[in-house]
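A.B. asks: here are the coordinates; sequence isn't available:
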């Protein structure tokens, strides 16, 4: 009896330690994000003086790319993200999944649509998307019955799509500056949009927008003239994030439709405005890459991603807030279909220095 009691106590102690370790990991993530938000939303920011100073600052930024690369290399490695990938693939459930996939591969589009309708699932999309959707549905069903579950890695997605100054043709020394800062907040549990942040920014290197830029984005000169400069807008964005409990009560990840928003626009703008590049922007969810991998499709731009789902673009193309809303629509469909949207793209300091602006 004493031996049994000792064994039971040992098991309780081990379970307790595992629970505490798991809780500490989650709390550490929240603490890191909270510290980053507080540090980046400080009221005191270095002033930005004149175009010549900014250009010198940008030149220094290009010359220090190797140091930045060294810092990026120190970032801890990230796992593939899907808990299913950690399951023993010899488990019998995977044979069931494989057989079901074989059945679905032989189905006509009409048969697939009928099964999706029966399961009350989305029936929009190309044949490849519908086939992947049905396979994912049965995969989750089989894994759930076998006792395996998976869930999104973070509580919220911050869908961001900056608009920046641009010219056509692009001068060799052109420096892009953010002129619209939008965020769409997506709850990964309810799969609903819970908030939006949007603000224009006044550029300082090239304060006058080109005709090409205005025609492309519909952002007018008066809109940016009346706006705050980027440091003030950034501060307000950080306060908005804090008001939503991001980094304190809820974990989050940035989501974009490619590498340009973080690697180019935010990277360059942070150097121009002397704002530390945020740690939580060094990895993000590339929705374009996630959709390609999940449905096994070629990489597509936003318009083609929507077309693949038989959806029309809502809003004004090349307006940051409209683009962010449409990217959020794609992200929500992916999560509905069972895709785990984990960080799949990483900050590359060489990206912006190798670009011809």
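C.D. replies: Perfect, thanks for sending it. Everything numeric here is computed off the predicted structure, so don't read it as measured data.
A.B. asks: Which residue, other than its chain neighbours, is closest to the residue nearest the centre of the chain?
C.D. replies: By Cα atoms, centre = their mean, the chain has its centre lying nearest to residue 255, at 1.4 Å. Distances taken as Cβ to Cβ, 6 or more residues apart in numbering put residue 285 closest to residue 255, at 4.0 Å, once the chain neighbours are dropped. (Glycine included, C-beta is placed from N, CA and C.)
A.B. asks: Phi and psi next, for the one you found.
C.D. replies: The phi/psi pair for residue 285 (degrees, to the nearest 10) reads phi -90, psi 110.
A.B. asks: Any idea how many residues pack against it?
C.D. replies: 26 (other Cβ atoms under 10 Å).
A.B. asks: quick one: contacts for the residue nearest to the centre of the chain?
C.D. replies: Neighbour list for residue 255: 157-160, 186, 284-285, 287, 327-328, 331, 341 [criterion: Cβ atoms under 8 Å, 6 or more residues apart in numbering].
A.B. asks: Any chance of these in a markdown table with pLDDT and secondary structure as columns?
C.D. replies: Converted to a markdown table, the contacts of residue 255 look like this (pLDDT from 0 to 100; DSSP: H, G, I helix; E, B strand; the rest coil):
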| residue | pLDDT | secondary structure |
| --- | --- | --- |
| 157 | 98 | strand |
| 158 | 98 | strand |
| 159 | 98 | strand |
| 160 | 98 | strand |
| 186 | 98 | strand |
| 284 | 98 | strand |
| 285 | 98 | strand |
| 287 | 98 | helix |
| 327 | 98 | helix |
| 328 | 98 | helix |
| 331 | 98 | helix |
| 341 | 96 | coil |
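A.B. asks: that older thread, wait, the residue nearest to residue 255 touches residue 340, no?
C.D. replies: No: taking Cβ atoms under 8 Å as the definition, residue 285 is not a contact partner of residue 340, at 10.0 Å.
A.B. asks: hang on, the earlier thing: ok so the residue nearest to the centre of the chain is a strand residue?
C.D. replies: Yes: assessed by DSSP: H, G, I helix; E, B strand; the rest coil, residue 255 belongs to a strand.
A.B. asks: Which parts of this structure are strands?
C.D. replies: Along the chain, counting by DSSP state E, strands occupy 156-160, 163-164, 178-187, 192-200, 252-256, 283-286, 345-346.
A.B. asks: Of these, which stretch is the most buried?
C.D. replies: strand 156-160 (a mean of 26; mean count of other Cβ atoms under 10 Å).
A.B. asks: quick one: strands adjacent to that strand?
C.D. replies: strand 178-187 (antiparallel), strand 252-256 (parallel) (DSSP bridges).
A.B. asks: Tell me which of these sits nearest to residue 222.
C.D. replies: strand 178-187 (12.3 Å; Cβ to Cβ).
A.B. asks: Now do that closest one and strand 192-200, the angle between them.
C.D. replies: Per axes from the mean of the first three to the mean of the last three Cα atoms, to 10 degrees, the angle that strand 178-187 makes with strand 192-200 is 170 degrees.
A.B. asks: oh, and call the first residue 733 from now on, that's how I've got it
C.D. replies: Done: numbering now begins at 733, and the last item shifts to strand 910-919.
A.B. asks: next one: strand 910-919 to chain centre, how far?
C.D. replies: 11 Å (Cα atoms, centre = their mean, to the nearest Å).
A.B. asks: Likewise for stretch 947-960?
C.D. replies: Using Cα atoms, centre = their mean, the offset of stretch 947-960 from its chain centre is 26 Å.
A.B. asks: ok, residues contacting it?
C.D. replies: 895, 898, 911-912, 931-935, 939-941, 945-946, 965, 968, 1048, 1050-1052.
A.B. asks: Which among those count as buried?
C.D. replies: 895, 898, 911-912, 931-935, 941, 945, 965, 1050-1052 (16 or more other Cβ atoms under 10 Å).
A.B. asks: residues contacting the closest residue to residue 991 other than its chain neighbours?
C.D. replies: In space, and not counting its chain neighbours, residue 991 is closest to residue 1077: 5.9 Å by Cβ to Cβ, 6+ apart. Applying Cβ under 8 Å, 6+ apart, we find residue 1077 in contact with 988, 991, 994, 1015-1018, 1021.
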